[in-house]
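Engineer: One predicted model, sequence on top.
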Amino acid sequence: MAESNNKLSRRHWVAGAGTVGTLAAAAAVLPQVLKSPAEPPVASVAPDTSAGYRLSEHVKRYYQTAKV
C-alpha cells in the first residue's frame, strides 16, 4: 500500500509541474495580449508624380479594341 501512495504522490508532483509550466507560459504571454493597441500611423497621401502606369483614355481605348 505504501508503494501505491508513493506512485500517487509522484503523479501529483508531475501534474503539478505541468500546471506550473502552463501557468508560467500564460503569464509570459498575457501582458502582450492585454496591451492596448497603439493607433496606427496615419499615412499622408502624396500627390502622384510617378511616370508609371496610368489608366488614361488611350489605354481604355486599347482595352476596348483588344477584347475578344
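Structural biologist: Arrived safely, thanks for sending. Numbering: from 1, shown residues only.
Engineer: where does this protein dip in pLDDT?
Structural biologist: Within the chain, the stretches with pLDDT under 70 are 1-8, 32-41, 43, 45-50.
Engineer: now the helices for it?
Structural biologist: With DSSP state H, the ranges of helices along the chain come out as 2-34, 57-66.
Engineer: Please identify which of those is closest to S44.
Structural biologist: Within these, the stretch nearest S44 is helix 57-66; the backing value is 27.9 Å (Cβ to Cβ). All C-beta spots, glycine's among them, are computed from the backbone N, C-alpha and C.
Engineer: which secondary structure elements does the closest one contact?
Structural biologist: Under the contact definition 3 or more Cβ pairs under 8 Å, 6 or more residues apart in numbering; DSSP states H and E, helix 57-66 sits against no other helix or strand.
Engineer: Buried residues, it. List them.
Structural biologist: Judged by neighbour count (16 or more other Cβ atoms under 10 Å), helix 57-66 contains no buried residues.
Engineer: and that helix, C-alpha only, in PDB?
Structural biologist: C-alpha atoms of helix 57-66 as PDB (Å, rounded to 0.1, in the frame of the first residue of the first chain):
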ATOM      1  CA  GLU A  57      -8.300  57.400 -72.300                       C
ATOM      2  CA  HIS A  58      -5.700  56.000 -74.700                       C
ATOM      3  CA  VAL A  59      -5.300  52.900 -72.500                       C
ATOM      4  CA  LYS A  60      -9.100  52.500 -72.100                       C
ATOM      5  CA  ARG A  61      -9.500  52.600 -75.900                       C
ATOM      6  CA  TYR A  62      -6.800  50.000 -76.300                       C
ATOM      7  CA  TYR A  63      -8.600  47.700 -73.800                       C
ATOM      8  CA  GLN A  64     -11.800  48.100 -75.800                       C
ATOM      9  CA  THR A  65     -10.200  47.100 -79.100                       C
ATOM     10  CA  ALA A  66      -8.300  44.200 -77.500                       C
END
